[in-house]
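**Student:** Dropping the sequence and predicted coords here.
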Amino acid sequence: MLAYLARRGGRMLLILLLSSIAIFYSLRFAPGDPVGVVLNPLALKEVRDAYRERLGLNQPIYLQYVVYISNMARGNLGVSLVNGTPMLELLAKYGTNSLILGLAAVLVSYLIGIPLGVIAAAKRNTWIDQLATGVGILGMGIPNFWLALLLVYLFSFQLKLLPSAGCCSLQHLIMPTIVLAAEGTAVTMRMMRSSMLEHLRQDFVRTLRAAGLPEWQVVGVHVFRNALIPVISLAGLRLGWLIGYTLIVETVFNWPGVGYLLVDSVLRRDYPVAQFFSLLLVTVVVLANWLADVMYGLVDPRIRAA
Amino acid sequence: MSAIPSGQIAWEAQEVAPARPSRLARASRQLARNKLVLVGSTIALLFILIGLFAPLLAPYDYEKQNLLAPLKPPLTAGHLLGTDSVGRDTLSRLVYGIRISLLVGFGVTLVSLVVGTAFGLLAGYYRGWVDAVISGLVEFTWGFPLILIAVVLVGALGPGLTGAVLAIGLINWAGFARIVRGEVLSLREREFVQAAQALGVGDLEIMLRHLLPNVLAPALVMGSYYVALAIIVEAGLSFIGLGAQPPLPSLGTMIAEGRNYLLKSHWMATIPGLAIVLLVLGLNLLGDGLRDVLDPRLRDE
């Protein structure tokens, strides 16, 4: 067991190291001059050169990388090129917003997706099942930014019920959450449904029925609990996709979260911010995948032997 | 002890056994599935034709602005789907947008299919350290959000379709590799492979002539889903400004441009969005159908 954890853990660290190098190098090779972000484009060459010297951009890239890592290790995470805000402050401010949105979306996807999946499986091939499956297909097919615009048109412009963008009240939270949760709900529902169907075929179901348990108890309690396991243990993998979609949803709704910050910093060429938050998000994804791996191994001992 | 007539046992056993759906029910269910496939394939084919013949179908040059006729609604004279904020014809931009989406979607997926299948074949056939390295790569890319990678790549390469295409290609191959590897692992123990090996057939020939055709079916099923995914991701990236740049009429860019005019001229955003939804739906249905036809094991029975 411990060996399994150690193997996966070592692999994870290797991946993190490689990712950080990849991100660092790719951003450094980007066209456009970080100096140009801060200084007036008409600034004198001497001033620009001096600033480049100061930012350490004249050194070979691998040295820059080493300097960057050692700075990070010492807690100096850098500041934004645009307004000089230190990274941790940005993280605190934008990070909490993203967390709120993310948690809301995850809650919605599970609270709606799981019951729908159970019902669809229990009433298989009836109109309920077709409807749920149809909703599922739609949820996965509609581009979320388009769904966002549809909702904005309906609820903000026509019905004038909700604000179309911004932060941070409950009304502001509703539409971004719905959009972000859409794909997750569809996937959760489909996974729950096929998991339930698979478990409904097992022998113990027949035994429980023969023992006289009411149908709702057989399905709703016993089968459900077993079927839930694979759905939950795949939650870690879903986090990666959630983060990806958050980038778009936050940008559409101007919700000031980490995704919004990342996209904005890439568009504005604010390299320190882009780099740090790319690395942060990649780390979160890798950690989540690793956790999902570990959880799956815990739940299903056959995986551990692999 | 009285003998229990066997007929009675059989009768009672039948009472307890769950009712099997009648053959008619099963056959009609299969037909209904195939109807979906028909619909899906027709839709997908329609879009492909539109994309192919875009230069012939577009009444105007998609770049041509006409500042005297901006924001015309659909069904105006001369502009079937209206115009956008600078007077460009929506229909022309739509067909070219479809073309771009399809080009990106199919192009990238084709490349990922080839690369992924190659790696899957190698990993499944040779096993050992080749498999370890390739599987490690696959697992690494498997959980990565496409959009995040795309944003980083665009940060490196500058905005434009190149970053989007690279990102999608870099991630999607893993899915193909996974499936192909699984198939190869189960196939290589079969007799025809062992026979070929005993006959001294070279590894490459085994992989290409014997394994590849069997492996292609599930790969193609995945392929149609992946094309749909690539199209959505490209549209999303273009929407936030990191994909196709104006004046290129990517469907995502069109939606982004339409966003500012949502209140009064919503068709600018609605129409390209509908196009994406239909296209993706068609491709998904096509994938479901291919799966039913090519590999009934995967079917949700």
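**Tutor:** Here it is on my side, so go on. Numbers count the residues shown, from 1 in each chain, chains lettered A, B, ... in the order given.
**Student:** Check whether whichever residue of the stretch 51-200 of chain A sits closest to chain B sits in a helix, strand or coil.
**Tutor:** Relative to chain B, the nearest point of the stretch 51-200 of chain A is A:Trp146 (3.8 Å; C-beta to the nearest C-beta). C-beta: built from backbone N, CA, C; applies to glycine. The three-state label given to A:Trp146 by DSSP: H, G, I helix; E, B strand; the rest coil is helix.
**Student:** burial of the nearest residue to it once chain neighbours are set aside, as a residue count?
**Tutor:** Leaving aside its sequence neighbours, A:Trp146 sits nearest to B:Gly273 (C-beta to C-beta, 6 or more residues apart in numbering or on different chains; 3.8 Å). Using other C-beta atoms under 10 Å in any protein chain shown, B:Gly273 is surrounded by 24 other residues.
**Student:** The residue of the stretch 1-150 of chain B found nearest chain A: what's it in contact with?
**Tutor:** Proximity of the stretch 1-150 of chain B to chain A (C-beta to the nearest C-beta) peaks at B:Pro145, 2.8 Å away. B:Pro145 makes contacts with A:Gly240, A:Trp241, A:Ile243, A:Gly244, A:Tyr245, A:Val285, as judged by C-beta atoms under 8 Å, 6 or more residues apart in numbering or on different chains.
**Student:** for A:Phe204, same thing?
**Tutor:** A:Phe204 touches A:His222, counting by C-beta under 8 Å, 6+ apart.
**Student:** Test for you: state the pLDDT assigned to residue 214.
**Tutor:** Here I'm looking at chain A. Looking at A:Pro214, its pLDDT stands at 83.
**Student:** was after chain B, sorry
**Tutor:** 79.
**Student:** Confirm for me that it is in contact with B:Glu183.
**Tutor:** Yes: B:Asn214 lies in contact with B:Glu183 (C-beta atoms under 8 Å); the separation is 6.8 Å.
**Student:** higher neighbour count, those two?
**Tutor:** Neighbours per residue (other C-beta under 10 Å) separate B:Asn214 from B:Glu183, with B:Glu183 holding more: 22 against 15.
**Student:** Find the nearest non-adjacent residue to the more buried one, please.
**Tutor:** B:Val215 (4.7 Å).
**Student:** Might you report the residue contacts of that neighbour?
**Tutor:** Counting by C-beta under 8 Å, 6+ apart, B:Val215 has contacts B:Thr117, B:Gly120, B:Leu121, B:Val180, B:Glu183, B:Val184, B:Leu187.
**Student:** quick one, phi psi at whichever residue of the stretch 101-250 of chain A sits closest to chain B?
**Tutor:** Residue nearest to chain B within the stretch 101-250 of chain A: A:Gly244 (2.8 Å; C-beta to the nearest C-beta). Main-chain torsions, A:Gly244, degrees, to the nearest 10: phi -60, psi -50.
**Student:** Strands of the stretch 101-250 of chain B, residue ranges please.
**Tutor:** Along the stretch 101-250 of chain B, no stretch is classed among the strands by DSSP state E, counting those that start in this stretch.
**Student:** pLDDT weak spots in it?
**Tutor:** Applying pLDDT under 70 to the stretch 101-250 of chain B picks out residues B:143.
**Student:** Around chain A, pick out the residues from it.
**Tutor:** Counting by C-beta under 8 Å from any C-beta of the partner chain, the stretch 101-250 of chain B comes close to chain A at B:136, B:140, B:142-148, B:151-159, B:228, B:232, B:235-236, B:239-242.
**Student:** at 6 Å instead, please
**Tutor:** Residues of the stretch 101-250 of chain B lying close to chain A (C-beta under 6 Å from any C-beta of the partner chain) are B:140, B:143, B:145, B:147-148, B:151-152, B:155-156, B:158, B:232, B:235-236, B:239-240.
**Student:** for chain B, what are the nearby residues on the stretch 101-250 of chain A?
**Tutor:** So the stretch 101-250 of chain A meets chain B at A:141-143, A:145-146, A:149, A:153, A:157, A:237, A:240-241, A:243-244, A:247-248 (C-beta under 6 Å from any C-beta).
**Student:** re earlier: go through the contacts of B:Pro145 and flag which are in helices.
**Tutor:** Among the contacts of B:Pro145, the members found in helices (DSSP state H) are A:Gly240, A:Trp241, A:Ile243, A:Gly244, A:Tyr245, A:Val285.
**Student:** Present those as TSV; the columns should include pLDDT, distance to A:Pro115 and neighbour count.
**Tutor:** TSV is the format used below for the ones in helices among the contacts of B:Pro145 (pLDDT from 0 to 100; distance: C-beta to C-beta, whole Å; neighbours: other C-beta atoms under 10 Å in any protein chain shown):
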residue	pLDDT	distance to A:Pro115	neighbour count
A:Gly240	80	25	23
A:Trp241	81	22	19
A:Ile243	86	25	23
A:Gly244	84	26	22
A:Tyr245	87	22	24
A:Val285	82	28	25
